[in-house]
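S.K.: Model the following, please.
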Amino acid sequence: MLARETRIYEEAVALWRELYSQPPPAGLDGADLLALITSGLEPPSYHQLASPHLRAVVMAGPVKKGRPAS
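M.R.: The predicted structure is shown next:
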């Protein structure tokens with residue numbers, strides 16, 4: 001394994017152990033393990049940023065399909 005993939009795997013295993021208090025399933029690489037961990041998560045809610053110090057052209061929201069953020 002390359003150094004990057006090794007690091008991802010080690011971090012994913014550590015996260016798995018913290019969440020489930022048991023060893024991770026065998027035969028998965030780091031990316032698959034992270035996908036398994038995050039598959040049950042719901043997307044976070046979106047809160048629009050409002051600040052008197054930022055102009056509207058500086059703030060970007062989520063991109064809608066087919067249209068760039070304005």
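
S.K.: burial of residue 30, as a residue count?
M.R.: 20 (other CB atoms under 10 Å). Bear in mind the C-beta positions are built from the backbone N, C-alpha and C, glycine included.

S.K.: Low-confidence stretches in the protein?
M.R.: Under the criterion pLDDT under 70, the flagged ranges of the chain are 1, 47-50, 54, 56-64, 66-70.

S.K.: Longest helix in the protein, by number of residues?
M.R.: For the chain, the helix with the greatest residue count under DSSP state H is helix 3-20.

S.K.: Give me the contacts around that one.
M.R.: Helix 3-20 has contacts (CB atoms under 8 Å, 6 or more residues apart in numbering) with 1, 23-24, 29-31, 33-34, 37.

S.K.: Any idea how far it is from the middle of the chain?
M.R.: 14 Å (CA atoms, centre = their mean, to the nearest Å).

S.K.: so how many other residues sit close to residue 38?
M.R.: The local packing of residue 38 (other CB under 10 Å) involves 9 other residues.

S.K.: How much space separates it from residue 7?
M.R.: According to CB to CB, to the nearest Å, residue 38 stands 18 Å off from residue 7.

S.K.: could you pull out the helices for this protein?
M.R.: Under DSSP H, the chain gives helices at 3-20, 30-38.

S.K.: Residue most distant from the centroid, this structure?
M.R.: Distance to the chain centre peaks in the chain at residue 52, reaching 29.7 Å (criterion: CA atoms, centre = their mean).

S.K.: picking that back up, check the helices of the chain for me and report the most buried one.
M.R.: helix 30-38 (a mean of 15; mean count of other CB atoms under 10 Å).

S.K.: what helices or strands is it leaning on?
M.R.: helix 3-20 (3 or more CB pairs under 8 Å, 6 or more residues apart in numbering; DSSP states H and E).

S.K.: Thank you, goodbye.
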